[in-house]
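J.: Provided below are the primary sequence and the corresponding predicted coordinates.
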Amino acid sequence: MNKPFHFKQFTVHQDRCAMKIGTDGVLLGAWSSLEHQPFSILDIGAGTGILSLMLAQRSQAEIIDAIEIDDEAYEQCVDNFEQSPWGDRLFCYHASLDEFTEEIEDTYDLIISNPPFYSENYKTDNQQRDLARFQDAMPFDHLLNSASKLLSENGVFSVVIPHQEEKHFIELASKVALYPNNILHVKGTPDSEIKRSLIDFSFKKSTINTSELIIETSRHNYTEAYKKLTKDFYLKM
């Protein structure tokens, strides 16, 4: 799991990050809406920097900032940015979300986050991994409150969460005037339950466009929809 992950246009080193490259992040980076052509993008809880790198490939955004609180992950993210083709557009801040929100006066046209979301009551012996995986490191209401302050008037906030948290997350978002516009429900196979919800929020109330994505029909037999979404990134798609 510590090997570098090679995508079509960039490589992500992940040996110093608790959270490795996973389907959640790749789906979010490929799915998030760029229809409003963001000039500035913010990646909250960057980890390896995968989301920022994917959006640098997909967009013409001139400013792509990332925030990472963990020391090792921050240094790895910076290295991944510097080794990518878009190093001049990518910048990582070593800060907590609180610090960043208080200090930054600018707003962003797109904010993206694959937040920690294991709220279960157990912890492992690996504090770094726990920080990356558990919701108490970045509670949802805290994430949404900061996103609402950092998002531009016509901006989009894009996030991936466990499907069972969707209703609660949308309720929390409404308290800071963020409303869902697009929702993608992700299932591993046709017969499995919905596992993840990918949601685009904005300050505008609109009819919610809900769709479903199935990843594979059987082991390693990926659906055409999944291949279409990820083909610009995965080497074998």
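T.: That came through, no problem. All of these numbers come straight from a predicted model, not from anything done at the bench. Numbering: from 1, shown residues only.
J.: From here on, just use CA atoms for contacts and neighbour counts.
T.: Will do.
J.: show me what contacts Phe91?
T.: Counting by CA atoms under 8 Å, 6 or more residues apart in numbering, Phe91 touches Ile64, Asp65, Ala66, Val78, Phe81.
J.: any idea which helix or strand comes after the longest strand anywhere in the chain?
T.: Using DSSP state E, we find that the single longest strand of the chain is strand 151-162. Following strand 151-162 in sequence order, the next helix or strand is helix 166-174 (DSSP states H and E).
J.: ok now that next one, how far from the chain's centre?
T.: 17 Å (CA atoms, centre = their mean, to the nearest Å).
J.: Please enumerate the strands of the protein.
T.: Going by DSSP E, the chain shows strands at 5-6, 11-12, 40-44, 63-68, 90-94, 108-113, 151-162, 179-187, 194-202, 209-214, 216-218, 221-222.
J.: which residues of this structure score low on pLDDT?
T.: Filtered on pLDDT under 70, the chain yields the residue ranges 1, 117-138.
J.: Next, give phi and psi for Pro4.
T.: phi -60, psi 150 (degrees, to the nearest 10).
J.: got the contact list for it?
T.: When contacts are counted by CA under 8 Å, 6+ apart, Pro4 is found next to Thr11, Val12, His13, Gln14, Asp15.
J.: which two in the contacts of Phe91 are spaced the farthest apart?
T.: Ile64 and Val78 (12.4 Å; CA to CA).
J.: So those two - more neighbours on which side?
T.: Neighbours of Ile64 and Val78, each counted by other CA atoms under 10 Å, are more numerous for Ile64; the result is 27 against 20.
J.: Report the beta-bridge partner residues of the more buried one.
T.: Per DSSP bridges, the residues bridged to Ile64 are Ile41, Leu90.
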